[in-house]
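[1] coords please:
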Amino acid sequence: MEPLTAGAFAPFGQVIEAGQLGCHYPINGGSCVRYHDLARLDPGFGGELIASVFRAQPTALPRSVAQFERHPLASQAFIPLSGRPFLVLVAPPAPRPDPQSLRLFLADASQGVNLDRAVWHHALLALEGVSDFLVLDRKGPGANYDEAWLDQPLWLDALEVVR
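    Okay, the predicted model is just below:
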């Protein structure tokens, strides 16, 4: 497992967090700081950007993982609302998720992610309790959901993906 950083996550999308590296500036007479343009939200051609809340049950570790999904027409962002860390298990775009290319990230409670189009990912992996996430994704025409299963399940433990 690796910490969630903008550089490490770049092949899969963007980290959404208020940090000193991005564009930020005071607004509202100095009573607020705007952390501007943190992700390339992409509703795809003919799509609309929508906001939803997903409530995820906590993940007990260790656990097996086999099912992955991707959204080929648009990006999908997950922003934690419950003040808890979560895991992000991803693989690069490909016809199927490659078990050898899986990356496991630990997002702290102040970080969200925006997954680029067609990035394979596991369902939400909440830690420490039931957790709500603001999800920004696409509504519109076309098939924007693919599902794939690994030939052999992998074990996810508290430290890494065990092949």
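[2] C-alpha only now, for contacts and for neighbours.
    OK.
[3] just give me the residue closest to the centre of the chain.
    Among the residues of the chain, the one closest to the centroid is Val113, at 4.2 Å (CA atoms, centre = their mean).
[4] give me the number of residues near the closest residue to that residue other than its chain neighbours?
    Excluding the flanking residues, the one nearest Val113 by CA to CA, 6 or more residues apart in numbering is Val15, at 4.6 Å. Using other CA atoms under 10 Å, Val15 is surrounded by 24 other residues.
[5] which SS class is Val15?
    Using DSSP: H, G, I helix; E, B strand; the rest coil, the structure places Val15 in strand.
[6] for it, give its distance to Glu147.
    24 Å (CA to CA, to the nearest Å).
[7] again, but for Asp98
    Asp98 is 13 Å from Glu147, by CA to CA.
[8] can you check Ala56 too?
    From Ala56 to Glu147 the distance is 19 Å (CA to CA).
[9] where do the helices sit along the chain?
    6-9 (DSSP state H).
[10] for it, what's the longest strand?
    strand 146-156 (DSSP state E).
[11] for that one, list the C-alpha coordinates in CSV.
    Extracted in CSV, the C-alpha atoms of strand 146-156 (Å, rounded to 0.1, in the frame of the first residue of the first chain):
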residue,chain,number,x,y,z
ASP,A,146,-18.0,-2.0,-17.6
GLU,A,147,-17.4,-4.8,-15.1
ALA,A,148,-14.7,-7.4,-15.0
TRP,A,149,-13.6,-10.2,-12.7
LEU,A,150,-10.1,-11.3,-12.1
ASP,A,151,-9.4,-14.9,-13.0
GLN,A,152,-8.0,-15.5,-9.5
PRO,A,153,-9.2,-13.4,-6.5
LEU,A,154,-6.4,-11.5,-4.7
TRP,A,155,-6.2,-10.8,-1.0
LEU,A,156,-6.2,-7.3,0.3
